[in-house]
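*Asks:* Structure for the following, please:
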Amino acid sequence: MSAPAHIWVNDADHLAALGQAIVANTAGAVATWKVEFNELTLTGPAGRVVDAITQLRDHPDWRFIQLVDLAGAHYPGREQPFEVVYHLLSHVKNHRVRLKVSTDEDTPVPSITPVFACANWYEREAFDMYGIFFDNHPDLRRILTDYGFHGHPLRKDFPMSGYVEMRYDDELKRVVYEPVKITEWRNWEFLSPWEGDQDNRAWALPGDEKAGS
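*Replies:* The predicted structure follows:
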């Protein structure tokens, strides 16, 4: 039994037809499409993302009326190293689509909160974790890290130790923030989770014999 004509079937041919239709009917707001792993991914210029999202939501043949997720990504080798990825769901057509736009560290991406109010916290998370700015966002501030946090922890260049550590100061009776101080370095050679005590063989651990090989 074939699917009704108004329902998109999740196979490569139907996904390709959907991608072609979206690119052809969004006047450049969506520029390219591709099908990989039985999923449709669209790309477009960041400056027109509000237009693209609005058309994907409102076009009667698509009706992607739910923003499922919005996330950032960091690719340091690219000219525009940051991506904002939007995942949309059509209840009417029983289908999902992914839209990607790229930007750099200084160029904001237009906020889609006027189209999907739930994008508010998603965009704040992308700002907090990656430092991606969103133009016309109603309240762009950190959402997962605290107000004294320095940097953006999901960037590829963010150090494992972070930049700032905090502690409670008994004299000041408050939490204080200080630059991270690394007082001891451990030899991470990835062959064993333990190094043992090389000066006291009574405390040797399984795997320590590799140190002498």
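*Asks:* Give me the three-state assignment for the nearest residue to Ala46 once chain neighbours are set aside.
*Replies:* Distances taken as CB to CB, 6 or more residues apart in numbering place Val101 nearest to Ala46, at 4.0 Å, with adjacent residues excluded. C-beta: built from backbone N, CA, C; applies to glycine. Judged by DSSP: H, G, I helix; E, B strand; the rest coil, the three-state class of Val101 is strand.
*Asks:* Equivalent analysis for Phe64, please.
*Replies:* Secondary structure, three-state DSSP: Phe64 is coil.
*Asks:* need the contact list for it.
*Replies:* Taking CB atoms under 8 Å, 6 or more residues apart in numbering, we find Phe64 in contact with Leu56, Arg57, Leu88, Leu89, Ser90, His95, Val97.
*Asks:* The residue nearest to Ala46 and Ala12, how far apart?
*Replies:* Remark: distance between Val101 and Ala12 (CB to CB, to the nearest Å) = 24 Å.
*Asks:* next one: Leu56
*Replies:* For Leu56, the distance to Ala12 equals 20 Å [CB to CB].
*Asks:* With Val85 instead?
*Replies:* The spacing between Val85 and Ala12, counted by CB to CB, is 21 Å.
*Asks:* Compare neighbour counts for the two and give me the winner.
*Replies:* Higher neighbour count among Val85 and Ala12: Val85, with 15 against 11, using other CB atoms under 10 Å.
*Asks:* How about the secondary structure of that one?
*Replies:* Here Val85 is recorded as strand under three-state DSSP.
*Asks:* low-scoring pLDDT stretches of this structure, where are they?
*Replies:* Applying pLDDT under 70 to the chain flags the ranges 1-10, 182-213.
*Asks:* now do 50
*Replies:* Regions of the chain meeting the criterion pLDDT under 50 cover residues 1, 5, 196.
*Asks:* Perfect, I'm done here.
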